[in-house]
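Chemist: fold the following for me, if possible:
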Amino acid sequence: MRGDSPAAVLFDLDLTLCVSTQAPEDLLSATFERAGVQPFCEVVDLAAVASETPECESDREFFAALFDLAAERVDGVDPATVPSWDLADAHDALVDHSAVRFRDGARDALDAALAHGPVGLVTNGGRDTQSTKLDALGIADAFGATVFCDPTAGMPPKPDPKPVRAAVDELGVTPDEAVLVGDSKASDVAGAHAAGARSAWVPYDDASNDGDHDPHHTLDAPEDLRDIL
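Modeler: Next up, the predicted model:
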């Protein structure tokens, strides 16, 4: 760090730089319908357990675990009766990873970071899925370092410190010279701290407050990143 200003900025992707243009409620409803399963949870129930899923090797495995956890938490549901893999397959068939847009203020935040110094991306998602989103946003080549967290490729997801450290190494800075901007306390804030980096928490919704980690900076909106550069 040069004073309070970071030498480099790392961004999370989902709900930090981009959001889906597919309405979550409609996608979940269509998922239940396609799988032939009576709806037993809402989007808020899935969001509440997202940070508790075990380390997964694919989007399919992640969503199966997500439905399993939601079934365990929702009153009146027998988890043993929930076909979580069928639901995961239905979701995978319906989700369009190219249907994304910049989160409000995120384009300004990215531009400010690029004008300031080295910029990296550290995203909990596989290369194919996340590259589709980056291509749709037109920012696939915007980053000096791009780290896709994929356990099958030897890169565990945040909050493991390895992906953050890999990004700062590629950018040529030390962890304490970087700030990670993300929406999740459980993965982004915790991952930054585990790696020895600073954190800038930019909550997207109530589910963003998914851990007890105290960020170095709390941003009301992505464009407020300018205030700490």
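Chemist: from Gln38, how far out is Val119?
Modeler: Distance of Val119 to Gln38, computed by CB to CB, to the nearest Å: 46 Å. C-betas here are computed from N, CA, C, even on glycine.
Chemist: let me fix that: Val122
Modeler: Per CB to CB, Val122 is found 38 Å from Gln38.
Chemist: between those two, point out the one with more neighbours.
Modeler: Neighbour count, other CB atoms under 10 Å: between Val122 and Gln38, Val122 has more, with 33 against 9.
Chemist: secondary structure element for that one?
Modeler: strand 119-123 (DSSP states H and E).
Chemist: got the angle between the next helix or strand after that strand and strand 119-123?
Modeler: Later in the chain than strand 119-123, the nearest helix or strand by DSSP H and E is helix 127-137. Relative orientation of helix 127-137 versus strand 119-123 (axes from the mean of the first three to the mean of the last three CA atoms, to 10 degrees): 130 degrees.
Chemist: now for Val187: which residues touch it?
Modeler: No, residue 187 isn't Val; it's Ser. Listed by CB atoms under 8 Å, 6 or more residues apart in numbering, the contact partners of Ser187 are 12, 51, 124, 157-159.
Chemist: and if we set it to 7 Å?
Modeler: By CB atoms under 7 Å, 6 or more residues apart in numbering, Ser187 lies in contact with 51, 124, 157-159.
Chemist: need the phi and psi values for it.
Modeler: Here is the backbone geometry of Ser187 (degrees, to the nearest 10): phi -110, psi -50.
Chemist: quick one: Ala136 and Asp96 touch, right?
Modeler: No: contact criterion CB atoms under 7 Å: Ala136 and Asp96 do not qualify, at 9.4 Å.
Chemist: the two: who's more crowded?
Modeler: A direct count of neighbours by other CB under 10 Å for Ala136 and Asp96 places Ala136 higher, at 17 against 12.
Chemist: how near is the more buried one to Asp227?
Modeler: 29 Å.
Chemist: again, but for Ala140
Modeler: Ala140 is 28 Å from Asp227, by CB to CB.
Chemist: which of those two has more neighbours?
Modeler: Neighbours were counted for Ala140 and for Asp227 using other CB under 10 Å; Ala140 has more, 15 against 11.
Chemist: surely the more buried one is in contact with Lys133?
Modeler: No: if you go by CB under 7 Å, Ala140 and Lys133 don't touch, sitting 9.2 Å apart.
Chemist: low-confidence ranges, the protein, go.
Modeler: Applying pLDDT under 70 to the chain picks out residues 1-3.
Chemist: now with 80, please.
Modeler: Where the chain drops to pLDDT under 80, the residues are 1-4, 51, 210-211.
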